[in-house]
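*Asks:* this one's sequence-less:
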DNA sequence: ACTCATCCGGACCGATGGTCCGTTTATGCT
DNA sequence: AGCATAAACGGACCATCGGTCCGGATGAGT
């Protein structure tokens, strides 16, 4: 996957001096090394030193490129997240626009859980290492989406708060705990999450009709 | 509050050498100092050094008494938690045994949120600093209770997983975020939590028969 | 080939959690 | 009261880790 990235393109563009070739290469190696270390040794045992060393670069390089630990994890999360965001913002219907909000929300939760599961260590790292600013940005995008869907499903709810509670329920820590320390199947987690959602979607939906039609208000 | 603690009693008991008087006093001072620092400076700015200094003891004393940071936070949480546990395990009905499971669960969530809110910084500290072992113990007690209630409410659910998701939803991190960074009222959080619970409690009770809802389940 | 901006790398720094050990002192006994 | 001793004290000390700095190396345009 890492190598599969379509490469941000050398960008033969003008403007000012393009990033030097070795710098580009190093960035890639650092990202790859970080991903590997994170996956095989866990979050706790992955130090910045170790990442730099594994990538075969000096610490200076590492820090200049990414600023700090938060920056690195953010970069790591970046493409994964971007893809997911595109999917639920403008992808095909079950997840993207076009399906009723309740279905979209359910699908969203399902998919987010799957995504977290495939990048468990990374997700936990981001969750704990990211500074307030970074977390806000990452969390913010997801929260906004959930908030919108929740508001659409049941306008009487305090969408902002409900959204945060929901995201908290399926946060990296929880999933990590269930999967790694309890040996729970991912499907079981997804199923339980759906059970929780039923309170928002199912119940109300019994008088379905789907309030759609009236586009999506801009709360 | 701190001073209000009923004192573990001098225990004039026998056995082997009783804990020395100064040791006892120091433990109390450390606990009090830690609580104060945590409350007024936040989790991030509270170092072990600072705690020892504020308590007027050496670091050696601090660490010998509590082992490590996790031990200290655990001790800090201890009596608060013990009281809460007693309340929901053997206290009066709305929370303790005697009321229907769904009501108990709702009350439990309400109360836990209130408790977390009054000890926000401490709760976050415990959440982040506690080692796996400690967290398991603290979380375990709560999780067991919720699990039991959930199982009672709807035996068809995977109580263990649902319980963890629920606790994740109202975890210290989430509450901290909502209360401190979003200025959300505690009541709003409790209300949103109840909305989530509705899926487990209310829905089933009235046998509303969720329509197609789960038709598109594939994964 | 030449020049210069950019980048590299690892020595270095400050903070912080945690350990060690010589010194002090509460406690029980005489 | 005086004493012996185990327990507790306290702060110097250590190791780790995130993050900074700067002299030296190097890629890229001319």
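*Replies:* Now that the structure is in, tell me what you want to look at. These numbers were taken from a predicted model, which means no experiment stands behind them.

*Asks:* now do the buried residues in the one helix or strand residue A:110 maps to.
*Replies:* In this structure, residue A:110 is located in helix A:101-118 according to DSSP states H and E. Under the neighbour-count criterion of 16 or more other Cβ atoms under 10 Å in any protein chain shown, helix A:101-118 has A:101-114, A:116-117 buried. C-beta coordinates here come from the backbone N, C-alpha and C atoms, glycine included.

*Asks:* for it, name the packing helices and strands.
*Replies:* Here helix A:101-118 touches helix A:69-90, helix A:132-153, helix A:172-176, helix A:186-197, helix A:202-205, going by 3 or more Cβ pairs under 8 Å, 6 or more residues apart in numbering or on different chains; DSSP states H and E.

*Asks:* the same query, at a cut-off of 7 Å, please.
*Replies:* When contacts are defined as 3 or more Cβ pairs under 7 Å, 6 or more residues apart in numbering or on different chains; DSSP states H and E, helix A:101-118 packs onto helix A:132-153, helix A:172-176, helix A:186-197.

*Asks:* will you turn the ones you listed into TSV that also has mean neighbour count?
*Replies:* Output for the helices and strands packed on helix A:101-118, formatted as TSV (neighbours: other Cβ atoms under 10 Å in any protein chain shown):
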stretch	mean neighbour count
helix A:132-153	18
helix A:172-176	21
helix A:186-197	20
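
*Asks:* looking at those helices, spot the one closest to residue A:161.
*Replies:* Nearest to residue A:161, of all the helices and strands packed on helix A:101-118, is helix A:132-153, at 9.2 Å by Cβ to Cβ.

*Asks:* average pLDDT across the closest one?
*Replies:* In this model, helix A:132-153 has a mean pLDDT of 89.

*Asks:* next one: that helix to chain centre, how far?
*Replies:* Here the centre of helix A:132-153 is set off from its chain's centre by 11 Å, with Cα atoms, centre = their mean, to the nearest Å.

*Asks:* does it come close to chain B?
*Replies:* No - contact between helix A:132-153 and chain B is absent, the nearest approach being 7.6 Å (criterion: Cβ under 7 Å from any Cβ of the partner chain).

*Asks:* helix or strand right after that helix?
*Replies:* Proceeding N to C from helix A:132-153, the next assigned helix or strand is helix A:159-169, under DSSP H and E.

*Asks:* nearest to DNA strand C, of the helices and strands packed on helix A:101-118?
*Replies:* helix A:132-153 (16.6 Å; Cβ to the nearest atom of the strand).

*Asks:* quick check: which helices or strands does that closest one pack against?
*Replies:* Going by 3+ Cβ pairs under 7 Å, 6+ apart, helix A:132-153 lies up against helix A:69-90, helix A:101-118, helix A:159-169.

*Asks:* distance to DNA strand D and mean pLDDT for the ones you listed - can I get that in CSV?
*Replies:* What follows is those, written out as CSV (distance: least, Cβ to the nearest atom of the strand, whole Å; pLDDT from 0 to 100):
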stretch, distance to DNA strand D, mean pLDDT
helix A:69-90, 4, 92
helix A:101-118, 22, 95
helix A:159-169, 25, 96
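
*Asks:* now the ones you listed in a markdown table, with distance to residue B:169?
*Replies:* Formatted as a markdown table, those follow (distance: least, Cβ to Cβ, whole Å):
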| stretch | distance to residue B:169 |
| --- | --- |
| helix A:69-90 | 20 |
| helix A:101-118 | 12 |
| helix A:159-169 | 4 |
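
*Asks:* how many residues are close by residue A:52?
*Replies:* 19 (other Cβ atoms under 10 Å in any protein chain shown).

*Asks:* how near is it to DNA strand D?
*Replies:* 9 Å (Cβ to the nearest atom of the strand, to the nearest Å).

*Asks:* now for that residue: which residues touch it?
*Replies:* If you count contacts by Cβ atoms under 7 Å, 6 or more residues apart in numbering or on different chains, residue A:52 has them with A:58-59, A:62.

*Asks:* which pLDDT value belongs to it?
*Replies:* 95.

*Asks:* cool, the one 5 residues further on as well?
*Replies:* Listed pLDDT for residue A:57 reads 93.
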